[in-house]
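J.: What would the 3D arrangement of this be:
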Amino acid sequence: MTLPDGPFPQSERLVFRLPTKDDAPFYRQMMNEPDYHRFIADRGIRTDADAAGYIENKTLAHFEKHRVGLWLVEHKQTGEPLGACGLVVRDDLDYPDLGYAFCEKNRGQGYALEAAQAVLDHVRKNTSLERLCAITHIENARSARLLLKLGFVAEGRRYLATYDDMSDYFLFHFNRSA
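T.: The predicted model follows:
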């Protein structure tokens with residue numbers, strides 16, 4: 001497997017890195033929280049072995065194929081994993097999708113906003129992308145507010161075959177002339 005070796009996003013409090021199989025316990029925990037199931041999906045991750053397989057066959061495979069994906073986000077000082085944030089390339093979307101998920105105990109501390117801003121800054125500095133999109137579950141008002149705060153614009157709803165459901169759809173336009 002040939003994976004990107006950087007540069008990766010970074011911020012004042014956060015470090016981004018590719019996940020490894022050693023991160024399986026954290027992924028199992030995060031992916032089984034009620035809000036993850038409600039607002040993202042139940043991926044059937046029940047054991048550390050399931051999570052290790054997901055990291056290898058989904059997350060890292062996505063990085064290999066698209067050179068982007070969802071990085072593991074850690075606290076810079078403690079090394080504690082907090083969540084995941086990055087870009088997902090989806091067949092049913094026109095642009096790469098800014099995605100993020102943080103464990104419940106790490107919410108309300110500004111980590112998702114800081115991580116998402118770090119990804120936007122990284123994309124601005126290291127790519128020529130003009131637009132990104134983001135999707136949220138239609139009942140996830142907290143995530144929608146975060147996207148609007150980042151400068152995304154609500155563009156209505158889109159049906160996503162991946163989820164067999166409607167999602168709120170947002171667009172972000174990079175100002176490349178500045």
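
J.: Contacts made by the top helix by length along the chain with the rest, please.
T.: Ranked by residue count, the top helix of the chain under DSSP state H comes out as helix 111-126. By CB atoms under 8 Å, 6 or more residues apart in numbering, the surrounding residues in contact with helix 111-126 are 7-14, 16, 73, 82-83, 85-87, 98, 100, 102, 129, 132, 146-147, 149-150, 172, 174. Placement of C-beta: from N, CA and C, glycine included.

J.: Same question for stretch 14-27.
T.: 3-4, 8-10, 45, 48-49, 51-52, 54-56, 59-60, 63, 71-76, 79, 81-82, 84-86, 103, 111, 114-115, 118.

J.: For it, buried residues please.
T.: 14-16, 18-19, 23-24, 26-27 (16 or more other CB atoms under 10 Å).

J.: Then stretch 88-101?
T.: Buried residues in stretch 88-101, counted by 16+ other CB under 10 Å: 88, 93, 95-101.

J.: Roughly how far does F26 sit from R13?
T.: Going from F26 to R13 by CB to CB, to the nearest Å gives 18 Å.

J.: Oh, that last question was meant for H37, not what I typed.
T.: Distance, H37 to R13, by CB to CB: 27 Å.

J.: circling back to that earlier point, of the contacts of stretch 14-27, which belong to helices?
T.: The members of the contacts of stretch 14-27 that map onto helices under DSSP H are 48-49, 51-52, 54, 60, 63, 111, 114-115, 118.

J.: Could you find the closest non-adjacent residue to D168?
T.: Spatially, and ignoring its direct neighbours in sequence, D168 is nearest to T136 (4.7 Å; CB to CB, 6 or more residues apart in numbering).

J.: which residues touch the one you found?
T.: Going by CB under 8 Å, 6+ apart, T136 touches 39, 143-144, 147, 167-168, 170.

J.: next one: G156
T.: 168-169.

J.: chain center to the helix or strand containing it: distance?
T.: Applying DSSP states H and E as the criterion places G156 in strand 153-160. Here strand 153-160 is found 18 Å from its chain centre; the criterion is CA atoms, centre = their mean, to the nearest Å.

J.: and what of stretch 9-23?
T.: 12 Å.

J.: Same question for stretch 35-52.
T.: Its chain's C-alpha centre and that of stretch 35-52 lie 15 Å apart, by CA atoms, centre = their mean.

J.: Can you point out the buried residues in that stretch?
T.: 35-36, 39-40, 45, 48, 50-52.

J.: show me where pLDDT drops low in this structure?
T.: 176-178 (pLDDT under 70).

J.: which residues in it form strands?
T.: For the chain, strands defined by DSSP state E occupy the ranges 14-17, 70-75, 81-88, 97-102, 131-137, 153-160, 165-173.
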